[in-house]
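S.K.: Build me a model:
(one chain, ligands or ions: 1)
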Amino acid sequence: VIELGTPERSVITTCAYCGVGCSFKAELNGDELVRMVPYKHGKANRGHSCIKGRFAYGYAQHKDRILKPMIRDHIDEPWKEVEWDEALAFAANRMRGLQEKYGQKSIGVITSSRCTNEETYLVQKLTRAVFKNNNTDTCARVCHSPTGYGLGKTYGTSAGTQDFDSVQYSDVIMIIGANPTDAHPVFASRMKKRVRAGAKVIVVDPRRIDMVRSTHIRAEHHLPLRPGTNVAVVTAMAHVIVTEGLYDEMFIRERCDWDEFQHYVEFARDPRHAPEAIEMLTGVPAADLRAAARLYATGGNGAIYYGLGVTEHSQGSTTVMGIANLAMLTGNIGREGVGVNPLRGQNNVQGSCDMGSFPHELPGYRHVKLPDVRAIYEQAWGVEIDPEPGLRIPNMLDAAVEGTFKGLYCQGEDILQSDPDTHHVAAGLAAMECVIVHDLFLNETANYAHVFLPGSTFLEKNGTFTNAERRINLVRKVMAPRNGYEDWEVTQMLANAMGAGWHYTHPSQIMDEIAATTPSFAGVTFELLEEKGSVQWPCNEEAPEGTPLMHVDGFKAGKGHFMITEYVATDERTGPRYPLLLTTGRILSQYNVGAQTRRTHNSIWHDEDVLEIHPHDAEQRGVNDGDFVRLASRTGETTLRAVVTERVATGVVYTTFHHPTTQANVVTTDFSDWATNCPEFKVTAVQVSPSNGP
Ligand code: SF4
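M.R.: Numbers count the residues shown, from 1 in each chain. Next up is the predicted model:
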């Protein structure tokens, strides 16, 4: 037991890891942070936490932090430490020079879902008002962009429909392509509590995750589908519901577009969507699929929770629409205990999307081509806004390789490690003439940077994060930024070095501007957040206290829209050379590329990425548990240790992407979602063979 004594002071703030958005009391003695205590009044966590939020904050003090700006003319040269003014002038001159030489649209930004709403808003404002183009994208591109598209098309807004409390009223919990125990642990505990009280669980996942079977949990149905066949499974569930007359006609007549519903019924009842017809394709026994569909449709309040196992596919957007269809078919929307809920991976994925980080949308999911929407910002910012959508991340990299995209401001995102097809990302970065990395550490992307601007941690800034239930939580400054500035200040200084003339003095002023220009945030102020603890958007004149449940009396889109969800096989195919399918995910103790979690004192973090392989596949290859193996795809190869386990089915292997030494994304492909370009991280044809080690 370590005696820490009574702290001198404490500050309530919000965890910067996953989309649950737990509140913590940061306790300090002097300027030293001595512990993070889960805050009992936090509405998302109610006094609970996981090991990341509670213990993995030491990276803020880590010796690897870069605290002084650095510049260099060329990426082969060593870094030169300079003062902020010099670094910002260097960056501004280079970016402006590129625009003069190659055109206004030759530069852009990539921002991170780790940043606050206010920082994110400023970054897209920098792009639109200072760069004068729409080349702004976010790392949500590589995770939940299909949620934006799919829920936008069907329900009219890109957000989870429920608050976390709602799960206590669920009778059936369907988890698709998500592993809450590892990725959203505090919410997983709430789910498990409800399951222990009698709710039934359906898991749709290629792996036998913890929610399939663990202490006190035994899922009613596990549909272990072949990676890449989500659409076929979801449509087959709709087939069962339609052909067996299990749909909620009264709800559909009242709330949905009836003509679209009839068209959808015709599509779904086609025998080619029957569970028996897709059994070979998906690997899911037809009887299990039928039973799961019946349970979801007739088992009482049915709630769907999904994750990146849905979105990171060539048909990610189609699956999101298929899930939305299922909830409308069964009337499982608009009340407690039901709904469709994307489990957001990062702390502020929701906020990053809300704040207009996508190249086609201004804040509040309003298309940049709409003149009346542009007019709001043109008046507020005093500039003309380009009506043409900008480049998405993969398009930026393609354009860089082609020689038309030359400068990038990359804030809080290590794209070399986190984006697919590492070799292509490297080629794109190497072709640029100005890469500005704004981050805590010299990450892998910084190898290609000309300017390094030191970033601040969540402990060193004020602002807000929006969690997976649309809850806007305050982030309060616990200590002074070691690098001298909060991230929103750095963006403001860069904008001003390029001639902007901004003069925000506190993030609350940025939130005021967001509220003045974005209808769903119209009632949000820092004062309200201080008073209420947090609020869920929409928060405006109609809902001054915020909105825990969406679509109660009607959809944001007016009527709910059924969408046709035709299954189309991914272009990524197995064959004699690459006979196995690789899918990826993360573990409880690590977080994404591990930049933070690997830099804490807890020895538990010093694990490694491993490859899960079924005993049958391992035996065929002469691989034993703990052996090193070579994992190869058509894009690259890496070496890691094998874990022989029945958690994965035959023909499927699984790994994580937490360690730069493994670089799992060396093997992932450049295939992506047809609607949003979200990479197909979850399906890669690979071969596994014995290896002597790295
Ligand atoms: Fe942080 Fe998520 Fe863990 Fe909560 S569940 S402490 S938000 S990582």
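S.K.: use CA for all of it now, contacts and neighbours both
M.R.: Noted.
S.K.: In contact with residue 587, which residues?
M.R.: Neighbouring residues of residue 587 by C-alpha atoms under 8 Å, 6 or more residues apart in numbering: 182-183, 656.
S.K.: per-domain residue ranges of this structure.
M.R.: What automatic domain parsing lists as the domains of the chain is 9-61, 70-142+348-457+483-514, 145-342, 580-690.
S.K.: mean confidence score for the longest one?
M.R.: Mean pLDDT, domain 70-142+348-457+483-514: 95.
S.K.: got the buried residues for the biggest helix by length in the chain?
M.R.: Determined from DSSP state H, the single longest helix within the chain is helix 84-102. Burial within helix 84-102, assessed by neighbour count using 16 or more other C-alpha atoms under 10 Å, is assigned to 84, 87-92, 94-96, 98-99.
S.K.: so can I have JSON lines of those residues showing distance to residue 249?
M.R.: Output for the buried residues of helix 84-102, formatted as JSON lines (distance: C-alpha to C-alpha, whole Å):
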{"residue": "84", "distance to residue 249": "63"}
{"residue": "87", "distance to residue 249": "63"}
{"residue": "88", "distance to residue 249": "61"}
{"residue": "89", "distance to residue 249": "63"}
{"residue": "90", "distance to residue 249": "63"}
{"residue": "91", "distance to residue 249": "59"}
{"residue": "92", "distance to residue 249": "59"}
{"residue": "94", "distance to residue 249": "61"}
{"residue": "95", "distance to residue 249": "57"}
{"residue": "96", "distance to residue 249": "59"}
{"residue": "98", "distance to residue 249": "58"}
{"residue": "99", "distance to residue 249": "57"}
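S.K.: Of the contacts of residue 587, which is the most crowded?
M.R.: Within these, neighbour counts (other C-alpha atoms under 10 Å) peak at residue 183, which reaches 27 neighbours.
S.K.: Count the neighbours of the closest residue to it other than its chain neighbours for me.
M.R.: Once its chain neighbours are removed from consideration, residue 183 has its nearest residue in residue 588; the separation is 6.1 Å (C-alpha to C-alpha, 6 or more residues apart in numbering). As a burial measure, the neighbour count of residue 588 was computed by other C-alpha under 10 Å and equals 16.
S.K.: In contact with residue 588, which residues?
M.R.: Neighbour list for residue 588: 52, 181-183, 185 [criterion: C-alpha under 8 Å, 6+ apart].
S.K.: Near the ligand, list only the ones from these.
M.R.: The residues of the contacts of residue 588 that also fall near the ligand, by C-alpha under 6 Å from any ligand atom, are 52, 185.
S.K.: Of the contacts of residue 588, which pair is most distant in space?
M.R.: When these are compared pair by pair using C-alpha to C-alpha, the two farthest from each other are 52 and 181, 12.7 Å apart.
S.K.: hang on, the earlier thing: by contact count, what packs against the longest helix of the chain?
M.R.: Contact analysis of helix 84-102 by 3 or more C-alpha pairs under 8 Å, 6 or more residues apart in numbering; DSSP states H and E lists strand 70-71, strand 107-111, strand 434-439, strand 451-454, helix 487-497 as its packing neighbours.
S.K.: report the angle between the axes of it and strand 434-439?
M.R.: In this structure, helix 84-102 runs at an angle of 140 degrees to strand 434-439, with axes from the mean of the first three to the mean of the last three C-alpha atoms, to 10 degrees as the basis.
S.K.: quick one: helix 84-102 to chain centroid distance?
M.R.: Remark: helix 84-102 is offset 31 Å from the chain centroid, using C-alpha atoms, centre = their mean, to the nearest Å.
S.K.: Need the contact partners of that helix.
M.R.: Around helix 84-102, the neighbours that count as contacts under C-alpha under 8 Å, 6+ apart are 68-71, 105-107, 404, 406-407, 433-434, 436, 451, 453, 493-494, 497-498.
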